[in-house]
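S.K.: missing the sequence, but the structure's below:
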């Protein structure tokens with residue numbers, strides 16, 4: 001996941017929510033967002 005830019009990670013998270021993808025996959029993305037301390041970027045969008 002480290003190859004994914006912060007912007008691409010957040011975009012993938014929102015797209016996965018919109019497409020109602022598997023909850024485990026969404027949680028994996030969210031875990032990575034938290035590890036990178038990107039929660040504030042989630043609130044901005």
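M.R.: Arrived safely. Here the structure is a predicted model, which is why all the values come from computation and not from measurement.
S.K.: Run through the residues that contact the residue nearest to the spatial centre of the chain.
M.R.: With distances taken as C-alpha atoms, centre = their mean, residue 13 lies nearest the centre of the chain, 3.4 Å away. Residues in contact with residue 13 (C-beta atoms under 8 Å, 6 or more residues apart in numbering) are 26, 29, 30, 33, 42. C-beta here means a position set from N, CA and C on the backbone, and glycine is covered the same way.
S.K.: what do you get for residue 3?
M.R.: By C-beta under 8 Å, 6+ apart, residue 3 has no neighbours at all.
S.K.: coming back round to it: which among the contacts of residue 13 count as buried?
M.R.: Buried residues within these, defined by neighbour count using 16 or more other C-beta atoms under 10 Å: 26, 29, 30, 33.
S.K.: hang on, the earlier thing: and of the contacts of residue 13, the nearest to residue 1?
M.R.: residue 29 (8.4 Å; C-beta to C-beta).
S.K.: Just give the nearest non-adjacent residue to that closest one, would you?
M.R.: Nearest non-adjacent residue to residue 29, counting by C-beta to C-beta, 6 or more residues apart in numbering: residue 13, 4.4 Å away.
S.K.: Look up how far residue 20 lies from the one you found.
M.R.: 13 Å (C-beta to C-beta, to the nearest Å).
S.K.: quick one on the thing from earlier: may I ask which helix or strand encompasses the residue nearest to the centre of the chain?
M.R.: helix 6-18 (DSSP states H and E).
S.K.: May I see the buried residues of that helix?
M.R.: Neighbour counts using 16+ other C-beta under 10 Å place 9, 10, 12, 13, 16 of helix 6-18 among the buried residues.
S.K.: now those as CSV including distance to residue 2 and pLDDT?
M.R.: As requested, the buried residues of helix 6-18 are exported to CSV (distance: C-beta to C-beta, whole Å; pLDDT from 0 to 100):
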residue, distance to residue 2, pLDDT
9, 10, 97
10, 15, 96
12, 14, 97
13, 16, 96
16, 18, 98
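S.K.: how far out from the middle of the chain is whatever helix or strand residue 34 lives in?
M.R.: Using DSSP H and E, residue 34 falls within helix 23-35. Its chain's C-alpha centre and that of helix 23-35 lie 6 Å apart, by C-alpha atoms, centre = their mean, to the nearest Å.
S.K.: Perfect, I'm done here.
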